[in-house]
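Enquirer: next come a sequence and a model predicted from it.
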Amino acid sequence: MHQAQRELTVETAGQGLYEITRPVAGFVRDSGIRTGLITVFCRHTSASVIIQENADPDVQADLQEFFSRLVPEALSWLRHTSEGPDDMPAHIKGALTANSLTIPVGDGAMALGTWQGIYLFEHRTRPHRRRVMLHVIGD
Amino acid sequence: MHQAQRELTVETAGQGLYEITRPVAGFVRDSGIRTGLITVFCRHTSASVIIQENADPDVQADLQEFFSRLVPEALSWLRHTSEGPDDMPAHIKGALTANSLTIPVGDGAMALGTWQGIYLFEHRTRPHRRRVMLHVIGD
Amino acid sequence: MHQAQRELTVETAGQGLYEITRPVAGFVRDSGIRTGLITVFCRHTSASVIIQENADPDVQADLQEFFSRLVPEALSWLRHTSEGPDDMPAHIKGALTANSLTIPVGDGAMALGTWQGIYLFEHRTRPHRRRVMLHVIGD
């Protein structure tokens, strides 16, 4: 049984989904692990990791818009506003989505479905450098 | 340390929760693993996996209704409509719930609480054949 | 490769976030595992586990208020009301947040970001004794 870890850096340019399927798949390949489990962990509380359809980019735009409507910046009752009007909504969006993903690995590749891509979901308005920890364990 | 994998197929008949606790528990038992970790991974972006109360079926009906009201089909601003009015809401419901579950295994069984059952949560209107990948690692 | 498990008990005093970062970190330290994966699993369907900002307590208050507004007790269409007006909303909040967390371990510590804390998120109004299963695997 072996393990490997790598930190992935994602430069974001505002709210939206940033696909990271390729570097994650490359990490699994480089590890040499054929059967196992990979974890994709977001080291932030105002960004998420998410698995979504990778075919039609409209899906990603609609997803982002839904969350912006569900958690608007204009919520008058918010207390935590010192870091900007987009900060607390970003924390809430983070709580509503996933902080980490866990994906089985078989035959040396992730067991993703045909239309599944892995994305970093940036919830802040301004560009950020996001760190995502990858960990794989297996044989 | 050992691993095992099995793909579970779930035939759904429209939106709702479909319990899969029994086949998942059977997979753990068959693996012979006494202490470890099981992952239940949904290979789709318009269905989820979820742990919920398995006592009162009303809980499952209420859950489904809440999500249908939170993400109705009639959202006029949706762009991704080519695959039917229920498709983009299904992706959004998928993002709001879990794509995978990770459950510790002890004494040869999952460490589920008394009232916890494992469900596939179908978000599409029409019947689908859903594939769920099970992976267990341990001793 | 080694494993360890421990059940954590959290006494809650009503809705809100209860930090458990310290006992989880202590469990990882006690296990002696330097590189691996820790899982934090909530054995209930009306409470969650969540990673959130641990700097400003207002973040936790705002999070709790958002979920109380998104899933109010006064939803007239709820069927599952026999266990109190806060029970079904608690199940829904559980479905919207995480039942388990999976965090890579490196250099003997969790790979949490600078501002990340681990919390039990209690969704019921009255005090509860919550059980959280910790599992770590690694070298």
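Expert: Arrived safely, thanks for sending.

Enquirer: using the three-state scheme, assign the residue most central in space within chain A.
Expert: The residue lying closest to the centre of chain A (CA atoms, centre = their mean) is A:Val49, at 1.7 Å. Per DSSP: H, G, I helix; E, B strand; the rest coil, the local secondary structure of A:Val49 is strand.

Enquirer: that one touches A:Val40, doesn't it?
Expert: Yes. With contact taken as CB atoms under 8 Å, A:Val49 and A:Val40 are classed as touching, separated by 5.2 Å. (C-beta placed from N, C-alpha, C; glycine too.)

Enquirer: can you check which residues contact both of the two?
Expert: Residues within reach of A:Val49 and of A:Val40 at once, by CB atoms under 8 Å, 6 or more residues apart in numbering or on different chains, are A:20, A:100-101, A:118, A:132.

Enquirer: and those residues, which two are the farthest apart?
Expert: Greatest spatial distance in those: A:Ile20 and A:Ser100, 13.2 Å, computed using CB to CB.

Enquirer: and these two? which has more neighbours close in?
Expert: Neighbour count, other CB atoms under 10 Å in any protein chain shown: between A:Ile20 and A:Ser100, A:Ser100 has more, with 25 against 20.

Enquirer: does chain B have contacts with the one helix or strand A:Asp58 maps to?
Expert: Under the criterion of DSSP states H and E, A:Asp58 resides in helix A:57-70. Yes. Helix A:57-70 reaches chain B (CB under 8 Å from any CB of the partner chain) through A:58-59, A:61-63, A:65-67, A:70.

Enquirer: which among the residues you listed gets closest to chain B?
Expert: A:Asp58 (4.0 Å; CB to the nearest CB).

Enquirer: ok, how many other residues are close to that closest one?
Expert: Counted with other CB under 10 Å, A:Asp58 comes out at 15.

Enquirer: about what we covered before: now secondary structure, distance to chain C and pLDDT too, for the shared contacts of A:Val49 and A:Val40, in a markdown table please.
Expert: Formatted as a markdown table, the shared contacts of A:Val49 and A:Val40 follow (DSSP: H, G, I helix; E, B strand; the rest coil; distance: CB to the nearest CB, whole Å; pLDDT from 0 to 100):
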| residue | secondary structure | distance to chain C | pLDDT |
| --- | --- | --- | --- |
| A:Ile20 | coil | 16 | 98 |
| A:Ser100 | strand | 5 | 98 |
| A:Leu101 | strand | 8 | 98 |
| A:Ile118 | strand | 15 | 98 |
| A:Val132 | strand | 10 | 98 |
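
Enquirer: quick check, nearest of the residues you listed to B:Leu96?
Expert: Using CB to CB, the shortest approach to B:Leu96 within those belongs to A:Leu101, at 15.0 Å.

Enquirer: distance of the residue lying closest to that closest one once chain neighbours are set aside relative to A:Thr102?
Expert: Nearest residue to A:Leu101, sequence neighbours excluded (CB to CB, 6 or more residues apart in numbering or on different chains): A:Val40, at 4.3 Å. For A:Val40, the distance to A:Thr102 equals 8 Å [CB to CB, to the nearest Å].

Enquirer: how about A:Cys42?
Expert: Using CB to CB, one gets 13 Å for the distance from A:Cys42 to A:Thr102.

Enquirer: my guess is A:Arg124 contacts A:His44, does it?
Expert: No. Taking contacts as CB under 8 Å, A:Arg124 lies outside contact range of A:His44: 9.0 Å.

Enquirer: between the two, which is the more surrounded one?
Expert: Each of A:Arg124 and A:His44 has its neighbours counted (other CB under 10 Å); A:His44 has more, 26 against 20.

Enquirer: next up, phi/psi of the spatially closest residue to A:Asn54 that is not a sequence neighbour, please.
Expert: For A:Asn54, ignoring the flanking residues on the chain, the nearest one in space by CB to CB, 6+ apart is A:Gly117 at 3.0 Å. With angles defined as degrees, to the nearest 10, A:Gly117 sits at phi -120, psi 160.

Enquirer: what parts of chain A come near chain C?
Expert: Residues of chain A lying near chain C (CB under 8 Å from any CB): A:1, A:3, A:5, A:37, A:39, A:41, A:43-45, A:70-71, A:75, A:77-80, A:82, A:88, A:91-92, A:94-96, A:98-100, A:102, A:131, A:133-135, A:137.

Enquirer: just the buried members of these?
Expert: A:3, A:5, A:37, A:39, A:41, A:43-45, A:70-71, A:75, A:78, A:80, A:88, A:91-92, A:94-96, A:98-100, A:102, A:131, A:133-135, A:137 (16 or more other CB atoms under 10 Å in any protein chain shown).

Enquirer: mind listing which of these are in helices?
Expert: A:70, A:88, A:91-92, A:94-96 (DSSP state H).

Enquirer: what ranges does chain A have for its strands?
Expert: A:2-12, A:16-19, A:36-42, A:47-53, A:100-106, A:109-110, A:116-122, A:128-138 (DSSP state E).

Enquirer: need the contact partners of the shortest one.
Expert: It refers to strand A:109-110. By CB under 8 Å, 6+ apart, strand A:109-110 touches A:24-25, A:28-29, A:38, A:103-104.

Enquirer: partners of it in the sheet?
Expert: Using DSSP bridges, the strands paired with strand A:109-110 are strand A:100-106 (antiparallel).

Enquirer: residues making contact with the strand it pairs with?
Expert: A:28, A:33-42, A:49-51, A:110-112, A:118, A:136, A:138, B:5, B:39, B:41, B:99-100, B:102, B:133-135, C:101-103.

Enquirer: again, only this time at 6 Å
Expert: Applying CB atoms under 6 Å, 6 or more residues apart in numbering or on different chains, the contact partners of strand A:100-106 are A:28, A:35-41, A:49, A:110-111, A:138, B:5, B:39, B:41, B:100, B:102, B:133, B:135, C:102.
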